[in-house]
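[1] Here is the input, now give the coordinates:
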Amino acid sequence: MSDPTAPRKFRRVLLKLSGEALRQPGSTDNISPPIVEDMAAQIKAAHQTGLEIAVVVGGGNFWRGVTASNKGMERATADYMGMLATVMNSLALQSMLEAMDVPSRVQSAIKMDNVAEPFVRRKAMRHLELGRVVIFAAGTGNPFFSTDTTAALRASEINAEIVLKATKVDGIYDSDPAKNPNAVKFDRVSFHECLTRQLKVMDSTAFSLCMENNMPIGVFSMNEPDNIRRALVGEYIGTMVDAKG
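    Residues are numbered from 1 along each chain as shown. Here you go, the predicted model:
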């Protein structure tokens, strides 16, 4: 009988990283090179197992379109600025990966030939097959969509087996653990139960994309050492959201 606690074996995954996590708390620098270096080292360790890895990085360490919009800026312009922020984060991660001899490509949904390839689905899949880490930048290229939605969309497009969302919390709870000390964490939960209980996993567009495409979502804390690598290689950490629950 197989060991139910043995790591799952993924072939291709999409890792979603929070942009805010690239900033050292309390620092005025938007990107902390040591933090990005640690992320890259964990990705490299997982990559060396033969795993095909695509990455989406948010831009919240630089700019949040929704926040700027709430303060009076036109929403579409504010969102485009946020997309450009994700390009900077993507280039930072690529730089660290390349310094560690991990081949990588940045594909941007907004054309900027001098710094990144344009997003082409088949080309991205070919890069992955050749062992290159592919970083998807500039969101979907359209305003009003989050980088969570980008992650769900790109994961479906490249036939990834799971979206692994690295966050500040260690999983999904039945209520906000920051407000309720008795909040209960789920190890596994279904898409249907997330909807019924109105659990916050991703924004509604991203969640719907994953549910409609039967794309599992793994939610875990990136604040714990080595958690990115552990999630990538299939260890059971955080919360798993899928059709079965």
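
[2] Buried residues, the lowest-mean-pLDDT helix or strand in the chain. List them.
    Averaged element by element with mean pLDDT, DSSP states H and E, the chain has its least confident helix or strand at helix 65-70 (a mean of 83). Counting neighbours by 16 or more other C-beta atoms under 10 Å, one finds that the buried residues in helix 65-70 are 65, 68-69. For the C-beta atoms, the positions are set from N, CA and C on the backbone; glycine is no exception.

[3] Now tell me what touches that helix from outside.
    The list of residues contacting helix 65-70 from outside it, by C-beta atoms under 8 Å, 6 or more residues apart in numbering, reads 75, 78-82, 143.

[4] got it, and stretch 218-238?
    5, 7-10, 13, 15, 17-18, 21, 39, 42-43, 45-46, 49, 51, 53, 162-172, 187, 201, 239-241.

[5] one more time with 6 Å, if that's ok
    7-10, 21, 42, 45-46, 49, 162, 164-166, 169-172, 239-240 (C-beta atoms under 6 Å, 6 or more residues apart in numbering).

[6] Any idea how far that stretch is from the middle of the chain?
    Average the C-alpha atoms of stretch 218-238, do the same for its chain, and the two points are 12 Å apart (C-alpha atoms, centre = their mean, to the nearest Å).

[7] so what does the longest helix along the chain touch, helix or strand wise?
    Within the chain, and with DSSP state H defining each element, the longest helix by residue count is helix 75-99. Contact analysis of helix 75-99 by 3 or more C-beta pairs under 6 Å, 6 or more residues apart in numbering; DSSP states H and E lists helix 33-47, strand 52-57, helix 65-70, strand 104-108, strand 133-137 as its packing neighbours.

[8] so which of the ones you listed gets nearest residue 179?
    Nearest to residue 179 among the helices and strands packed on helix 75-99 is helix 65-70; the distance by C-beta to C-beta comes to 21.2 Å.

[9] which stretches of the protein aren't confidently modelled?
    With pLDDT under 70 as the threshold, the chain has low-confidence stretches at 1-5.

[10] contacting residues around the residue nearest to the spatial centre of the chain?
    Geometric centre of the chain, nearest residue: residue 16, 0.4 Å, by C-alpha atoms, centre = their mean. For residue 16, the contacting residues are 56, 151, 165, taking C-beta under 6 Å, 6+ apart as the criterion.

[11] swap in residue 45?
    residue 229.

[12] shift numbering so it begins at 777
    I'll keep to 777 as the first residue from here, and by that count the last item is residue 821.

[13] how much space between the residue nearest to residue 860 when sequence neighbours are not counted and residue 932?
    Here the nearest residue to residue 860 in space, its sequence neighbours aside, is residue 914; by C-beta to C-beta, 6 or more residues apart in numbering that works out to 7.1 Å. The spacing between residue 914 and residue 932, counted by C-beta to C-beta, to the nearest Å, is 18 Å.

[14] which of those two has more neighbours?
    Neighbour count, other C-beta atoms under 10 Å: between residue 914 and residue 932, residue 914 has more, with 27 against 17.

[15] any idea how far the more buried one lies from residue 900?
    Using C-beta to C-beta, one obtains 14 Å as the distance from residue 914 to residue 900.

[16] Residue 809 too?
    From residue 809 over to residue 900 the distance is 26 Å, taken as C-beta to C-beta.

[17] now swap in residue 860 and tell me
    If you go by C-beta to C-beta, the gap between residue 860 and residue 900 works out to 20 Å.

[18] neighbour count winner among these two?
    Neighbours were tallied for residue 860 and for residue 900 using other C-beta under 10 Å; the higher tally belongs to residue 900 (21 against 17).
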